[in-house]
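Chemist: okay, predicted coordinates and the sequence, questions at the end:
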Protein chains: 2
Amino acid sequence: MENFEITSGPLPGSEKIYVTGSRSDIRVPMRKIKLSPTVDLDGSKIENEDVVVYDTSGPYTDTNYTVDLQKGLPKLRENWIEERQDTVKLEGLSSEYGRMRQEDKSLDSLRFEHVNTHPRIAREGAQVSQLYYARQGIITPEMEYIAIRENQLADRIREKYKKEKGESFGAHIPDYITPEFVRQEVAAGRAIIPANINHPECEPMIIGRNFLVKINANIGNSPVTSSIAEEVEKAVWAFRWGADTIMDLSTGKNIHETREWIIRNSPVPVGTVPLYQTLEKVGGNVEKLNWEIFRDTLIEQAEQGVDYFTIHAGLRWKHVPLTLKRLTGIVSRGGSIMAHWCTTHKQESFIYEHFEEICQILAKYDVGISLGDGLRPGCIADANDTAQIEELKTLGELCQTAWKYNVQAIIEGPGHVPMQKIKENMDLQLKYCREAPFYTLGPLVTDIAPGYDHITSAIGGAMIGWFGTAMLCYVTQKEHLGLPNRDDVKEGVITFKLAAHAADLAKGHPAAYFRDYAMSKARFEFRWKDQFHLALDSEKAIKFHDETLPDEGHKEAHFCSMCGEHFCSMRASKKLREKISQENK
Amino acid sequence: MENFEITSGPLPGSEKIYVTGSRSDIRVPMRKIKLSPTVDLDGSKIENEDVVVYDTSGPYTDTNYTVDLQKGLPKLRENWIEERQDTVKLEGLSSEYGRMRQEDKSLDSLRFEHVNTHPRIAREGAQVSQLYYARQGIITPEMEYIAIRENQLADRIREKYKKEKGESFGAHIPDYITPEFVRQEVAAGRAIIPANINHPECEPMIIGRNFLVKINANIGNSPVTSSIAEEVEKAVWAFRWGADTIMDLSTGKNIHETREWIIRNSPVPVGTVPLYQTLEKVGGNVEKLNWEIFRDTLIEQAEQGVDYFTIHAGLRWKHVPLTLKRLTGIVSRGGSIMAHWCTTHKQESFIYEHFEEICQILAKYDVGISLGDGLRPGCIADANDTAQIEELKTLGELCQTAWKYNVQAIIEGPGHVPMQKIKENMDLQLKYCREAPFYTLGPLVTDIAPGYDHITSAIGGAMIGWFGTAMLCYVTQKEHLGLPNRDDVKEGVITFKLAAHAADLAKGHPAAYFRDYAMSKARFEFRWKDQFHLALDSEKAIKFHDETLPDEGHKEAHFCSMCGEHFCSMRASKKLREKISQENK
């Protein structure tokens, strides 16, 4: 295997801490941003409360951890899964394709060393999904882990900062998230915990509108092939900067082996679109797609540990004619594949037809389902049209079916939507899908800014996140133009982190305000390093600042090059306050 | 004078055209984006309507124009101003400081060659503002010019694309903008035409919520001094990419001379904050500020041709205590200066006290007033607080005073505001300021993303633009960190153009939809060059595309590197459509 160069080590000014739950093996990693004291008028120092945020970066940012990609990450959930005694280890892989790849000696050089050939599956008759447990009233260690994580230790400082009133449009975010609250939300289908029993390395996280808004980053090679090394690094890079989940959308060679490397080294849930690999298996010929190969792919990927699948089950044959008058037709890859299939075979989508069987398979591994919106609008002119809304209704029905089989489900959403139509989209989703979590791509609020579509989509993303979307899929600046590189991925992740955070603030999430408060306090007090460390992208903040004022001494300066010393309003405002304070003594 | 390197020539794929009005000297420049034909299934070609957008770039993008900065731009309004016979040319400059600079031989090398030493002023007893004319029922050539510009020739295609319904929150945007409509809006104070009689080079534009949303770019040197050459190029660069107005916020040396160069070469209105220069004149000592020096500065700049002044008249002595409990105090430079002055002298702001006299001065030159929000919130925690709202009420009162003197007025707004408080801000502004145009800085929807504040502010900007803000002041990615360079200025301008355009779409502006429609049509038909040319930033779109597919042949390809040929949904969707079309034959 080629030598990996994986980014590791803590972010600037941050320390990785672990918060322990009710048992010693519930250790929730957090990022503690250590702040310097405020120097008061009389020179005395007042300590500033450190800011603690949840941490998606995995063990890579733990200075005590030695990265070994060949070995994979520690299996923090293994014991929890074992304890439940509802799973068995298979003798071998159940999928034909999985076995074929396993037996192919020519792939040995590419293969992850400790590949698990005995995947777990639900014991005969047992139910193993977090949704099932939640419905039974069981609080799993995963749920407790999530409760600790979502609180971000904000209870320490909640009393001080809870005055901010949000507008949550019907979301109910408690002041303090308890494990029981997590259970209730999962049981109601309002939130999901993507956690395949074959991905024990995964640090539990939750997607639901009564929790912090999450973001997903797409990675994966395309025909302009990238190497496995690049892909794993792209994943590590994406969650280092804050991706809550990653989707591996690879469509090139050796995607089975690449996926194994990614999952074994990913602390965040991994999603895929199994249809892409299925199409590869039939040589790219859509007409040759069939249920058997698709089914085998689902099993193959479920046994590797994929945490959620995007499945375009909602695009039905009857929907295809609704797209003919559209300006940009069908822009979802999965959607266009299935529309082609239905039209060619003149029959109902095999995915729709076999949906119950799909749910039965997914339930055995606790793979979540992300109901793909094959008919999402691809331009402003097609937004909220009949095709989209009819498919959304179908997605709502399929969601009920998934729940029947204890499969955790989320619903995918648009796309391109002008601002005045975003709320309608959200409201219809809540209505037709009975509050199942919404997972949107943007939406982009205009079509005319290629090169800036991370921004056009962050505008729509922040808004729809505020209105109730649980997870935002990032869009990079390369959207519509090419494949994102490493810098584009980071730019996309940070842009969506800020959009998600803006949504949390607007909803009034109790854990969200504190970071803004700390940042602005540091700003007013010219604690430059604290500002850099509190920034979503410390590295860029430092770089920009140092372009004009590189001296170390300027990190203490009571101004920056934006306005200069003379015209710094913060400085003047502070002086004014000191003046008034002196006079009143 | 050093040799200038000024960017000129048309944008990619664009041609500058002129639309003539009711008289031959009303020639409105537009940017025509020429599109290639659609190739139909049978190989026949169908022409695509060219897209015409208004053009802020000035003669610099006209291939028939030879740039000569020493001479300045053609004075397109000179004849219109002359015709009205309500102005006289002064014997010499009225401001003491202006005369002093004029007489200083040591400045000769810096000086604009054809500096006007005989500025215009209203004839004794005459009123010369566009607001005055509008109230008299007079449609000026400026108003007709604006009507043509705002329509963007969209009447050619309006019938086809007007189906989109916007939500305009009480804005009334007609299907077709007539000169009479422009007059009515100006007369009502709902819109302003910044057009100093001493800036005849200015191409008339309008700021009001019943028109296209505008953007402003701030330029200007700071103590990290840049040269005059750099400043003029920064201005040309900013309006090349779409800045509707520029504000010269220089605080360094020779700002009088720099300003002359900028105004003589600017086709867009130029705004300033006269207080900054006034402070320079008293050596940066706030306590030495006084009405006489401020007054002289107003006259100095009015006679140079500044089109609008930001004046922080609303910050009153009594407001200062309201800011003491704020997290970040006063973050407006002008605000912090005046708060300091009031507190030191223990008396009411001299700007507030002399406001009627200020209006009398401005009226003589038709300088617009932008009522500065000295108490805008500088962080999420301070948003919509009492300090801000109390100042806003004062701004509303001052606006009435300005109108009494026929001075055109706009109101400045925040700042940092979480999403759920943006609409309240807009609604209060409309209420207290009786629909005078709102001009906001962002707002930034979170504090924690320094390095990305063009995005945090574009989110708030798009929203408040939709809710009714007439002009958005751009924020660059260097905000809070340093002085923007050339690339930052462009990035900021494009980001705010897309936010303003998203707002126009959401409001349902009839001229806005066509460009998105044309872009998406080009996208679906793989007319790559048309996509690039329709993009707000053609250069970046081409660069990003060519990073992975540089060959000229790929500009005709039915895919890009994002998904590759095999997985291109647009391609698949087109094929599907062709298939169905064939079958139905």
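Modeler: Received it, and whenever you're ready, just let me know what you need.

Chemist: name the surrounding residues that touch the helix or strand containing A:Lys579.
Modeler: In the assignment (DSSP states H and E), A:Lys579 maps to helix A:569-583. Residues from elsewhere that reach helix A:569-583, judged by C-beta atoms under 8 Å, 6 or more residues apart in numbering or on different chains: A:41, A:523-526, A:558-559, A:563, A:565, B:286, B:320, B:323-324, B:328-333, B:335-337, B:339-340, B:343-344, B:378. C-beta: built from backbone N, CA, C; applies to glycine.

Chemist: show me the contacts for the closest residue to A:Gly137 other than its chain neighbours.
Modeler: Using C-beta to C-beta, 6 or more residues apart in numbering or on different chains and skipping the chain neighbours, the partner closest in space to A:Gly137 is A:Arg183 (7.4 Å). Contacts here follow C-beta under 8 Å, 6+ apart; on that basis A:Arg183 touches A:133-134, A:137-139, A:143.

Chemist: from those, which ones fall inside strands?
Modeler: In strands, defined here by DSSP state E, there are no members of these.

Chemist: pull the most distant pair out of these.
Modeler: Farthest apart among the contacts of A:Arg183 by C-beta to C-beta are A:Gly137 and A:Met143. That separation is 11.3 Å.

Chemist: higher neighbour count, the two?
Modeler: Set A:Gly137 next to A:Met143 and count neighbours by other C-beta atoms under 10 Å in any protein chain shown: A:Met143 wins out with 24 against 10.

Chemist: from chain B, how far off is the closest residue in space to that one that isn't next to it in sequence?
Modeler: Leaving aside its sequence neighbours, A:Met143 sits nearest to A:Val182 (C-beta to C-beta, 6+ apart; 4.2 Å). According to C-beta to the nearest C-beta, to the nearest Å, A:Val182 and chain B sit 25 Å apart.

Chemist: need the three-state assignment for A:Val182.
Modeler: Using DSSP: H, G, I helix; E, B strand; the rest coil, the structure places A:Val182 in helix.

Chemist: check contacts around it.
Modeler: Counted by C-beta under 8 Å, 6+ apart, A:Val182 has contacts A:139, A:143-144, A:146-147, A:150, A:191, A:206.

Chemist: going by distance to B:Pro174, which of the contacts of A:Arg183 wins?
Modeler: A:Ala134 (55.2 Å).

Chemist: what about the closest one, neighbour count?
Modeler: A:Ala134 has 24 neighbours, counted by other C-beta under 10 Å.

Chemist: that one and A:Ala187 touch, don't they?
Modeler: Yes - with contact defined as C-beta atoms under 8 Å, A:Ala134 counts as touching A:Ala187 (3.8 Å).

Chemist: what subset of the contacts of helix A:569-583 is buried?
Modeler: Buried members of the contacts of helix A:569-583, counted by 16 or more other C-beta atoms under 10 Å in any protein chain shown: A:523-526, A:559, A:563, B:286, B:320, B:323, B:328-333, B:335-337, B:339-340, B:343, B:378.

Chemist: touching, A:Gly166 and A:Pro510? I think so.
Modeler: No - the criterion here is C-beta under 8 Å, and A:Gly166 misses it with A:Pro510 at 9.2 Å.

Chemist: what's the overlap in contacts for those two?
Modeler: A:Ile173.

Chemist: return the helix ranked longest in chain A as PDB; C-alpha atoms alone will do.
Modeler: Once chain A is assigned using DSSP state H, the helix that runs over the most residues is helix A:486-507. Output of helix A:486-507 as PDB, limited to C-alpha atoms (Å, rounded to 0.1, in the frame of the first residue of the first chain):
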ATOM      1  CA  ARG A 486      -8.800  19.500  -1.200                       C
ATOM      2  CA  ASP A 487      -9.100  23.300  -0.800                       C
ATOM      3  CA  ASP A 488     -12.600  23.200  -2.300                       C
ATOM      4  CA  VAL A 489     -13.600  20.600   0.200                       C
ATOM      5  CA  LYS A 490     -12.400  22.600   3.100                       C
ATOM      6  CA  GLU A 491     -14.000  25.800   1.800                       C
ATOM      7  CA  GLY A 492     -17.300  23.900   1.300                       C
ATOM      8  CA  VAL A 493     -17.300  22.300   4.800                       C
ATOM      9  CA  ILE A 494     -16.600  25.600   6.600                       C
ATOM     10  CA  THR A 495     -19.200  27.500   4.500                       C
ATOM     11  CA  PHE A 496     -21.800  24.900   5.500                       C
ATOM     12  CA  LYS A 497     -20.700  24.800   9.100                       C
ATOM     13  CA  LEU A 498     -21.300  28.600   9.200                       C
ATOM     14  CA  ALA A 499     -24.700  28.100   7.500                       C
ATOM     15  CA  ALA A 500     -25.700  25.400  10.000                       C
ATOM     16  CA  HIS A 501     -24.500  27.400  12.900                       C
ATOM     17  CA  ALA A 502     -26.500  30.400  11.700                       C
ATOM     18  CA  ALA A 503     -29.500  28.200  11.600                       C
ATOM     19  CA  ASP A 504     -28.800  27.000  15.200                       C
ATOM     20  CA  LEU A 505     -28.600  30.500  16.400                       C
ATOM     21  CA  ALA A 506     -31.800  31.500  14.700                       C
ATOM     22  CA  LYS A 507     -33.600  28.500  16.200                       C
END
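
Chemist: could you list the buried residues of it?
Modeler: Residues A:488-507 are the ones in helix A:486-507 that count as buried (16+ other C-beta under 10 Å).

Chemist: out of these, which are close to chain B?
Modeler: A:494-495, A:497-499, A:501-503, A:505-507 (C-beta under 8 Å from any C-beta of the partner chain).

Chemist: would you mind giving the residues you listed as TSV with pLDDT and distance to B:Tyr176 added?
Modeler: Shown next, in TSV, are these (pLDDT from 0 to 100; distance: C-beta to C-beta, whole Å):
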residue	pLDDT	distance to B:Tyr176
A:Ile494	98	43
A:Thr495	98	38
A:Lys497	98	43
A:Leu498	98	39
A:Ala499	98	36
A:His501	98	42
A:Ala502	98	37
A:Ala503	98	38
A:Leu505	96	41
A:Ala506	97	37
A:Lys507	96	41
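
Chemist: let me have the residues you listed in a markdown table, extended by distance to B:Ile262.
Modeler: Below are those laid out as a markdown table (distance: C-beta to C-beta, whole Å):
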| residue | distance to B:Ile262 |
| --- | --- |
| A:Ile494 | 35 |
| A:Thr495 | 33 |
| A:Lys497 | 38 |
| A:Leu498 | 34 |
| A:Ala499 | 36 |
| A:His501 | 38 |
| A:Ala502 | 35 |
| A:Ala503 | 40 |
| A:Leu505 | 38 |
| A:Ala506 | 39 |
| A:Lys507 | 44 |
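
Chemist: which parts of the stretch 251-400 of chain A sit against chain B?
Modeler: Near chain B, when you scan the stretch 251-400 of chain A using C-beta under 8 Å from any C-beta, you find A:251, A:276, A:279, A:284, A:286, A:320, A:323-324, A:327-333, A:335-337, A:339-340, A:343-344, A:378-382.

Chemist: doesn't A:Asp248 make contact with A:Gly220?
Modeler: Yes - look at A:Gly220 against A:Asp248 with C-beta under 8 Å: they come within range, at 4.9 Å.

Chemist: common neighbours of these two, please.
Modeler: By C-beta under 8 Å, 6+ apart, the residues touching both A:Gly220 and A:Asp248 are A:231, A:255.

Chemist: if we can go back for a sec, among the contacts of A:Arg183, which lie within helices?
Modeler: A:133-134, A:143.

Chemist: got the domain ranges for chain A?
Modeler: A:1-146+A:156-508, A:511-582 (the TED database).

Chemist: mind putting these in JSON lines, distance to B:His533 included?
Modeler: As requested, the domains of chain A are exported to JSON lines (distance: least, C-beta to C-beta, whole Å):
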{"stretch": "domain A:1-146+A:156-508", "distance to B:His533": "11"}
{"stretch": "domain A:511-582", "distance to B:His533": "31"}
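
Chemist: worst average pLDDT in these?
Modeler: Lowest mean pLDDT within the domains of chain A: domain A:511-582, a mean of 86.

Chemist: check the offset of stretch A:555-571 from the chain's centre.
Modeler: 38 Å (C-alpha atoms, centre = their mean, to the nearest Å).
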